[in-house]
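Novice: how would this look folded up:
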Amino acid sequence: MNQTRIEEEQSIMGIDRNNYHIGLYLDKVLNDKNLTTKDLSKLTGIDASVLRKYIINELSPSLTTIKTIASALKTKILYRLGINQH
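Specialist: Okay, the predicted model is just below:
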């Protein structure tokens with residue numbers, strides 16, 4: 001899904017800005033690494049349908065879930081999102 005369409009849909013739905021960034025970032029990382037939500041599901045144990053809901057911001061992942069995803073993707077998602085890990 002292209003970023004402009006996602007932004008328009010989220011604006012209409014009034015989605016929280018922080019969750020929006022998580023979804024966009026997750027979508028970008030998956031695309032950059034040429035992975036699908038099914039691939040990430042196998043790496044994390046998180047159902048692919050739940051991961052898709054994170055990407056389109058229908059659900060908000062917990063901090064623990066974000067860390068699990070970041071570890072599986074070998075990325076510093078918390079840093080990129082400006083979340084302090086202390």
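Novice: mind listing what's buried in the helix of greatest length in the chain?
Specialist: Under DSSP state H, the helix in the chain containing the largest number of residues is helix 17-32. For helix 17-32, the buried set under the neighbour-count rule, 16 or more other CB atoms under 10 Å, comprises 19-27, 29-30. All C-beta spots, glycine's among them, are computed from the backbone N, C-alpha and C.
Novice: if we take the residues you listed, which one ends up nearest to I69?
Specialist: For these, the residue nearest I69 by CB to CB is L26; the value is 6.9 Å.
Novice: Quick check: which ranges of this structure have low pLDDT?
Specialist: Along the chain, the parts satisfying pLDDT under 70 run over 1-20, 76-86.
Novice: the helices in it, which residues?
Specialist: Under DSSP H, the chain gives helices at 3-13, 17-32, 37-44, 48-55, 63-73, 77-80.
Novice: quick one: buried residues of the fourth one?
Specialist: Pointing back at helix 48-55 there. Judged by neighbour count using 16+ other CB under 10 Å, the buried positions of helix 48-55 are 50-55.
Novice: now the third one
Specialist: Within helix 37-44, the residues that qualify as buried by neighbour count (16+ other CB under 10 Å) are 37, 40-41, 44.
Novice: and which of those residues is nearest to S62?
Specialist: The shortest approach to S62 among these belongs to T44, at 12.8 Å (CB to CB).
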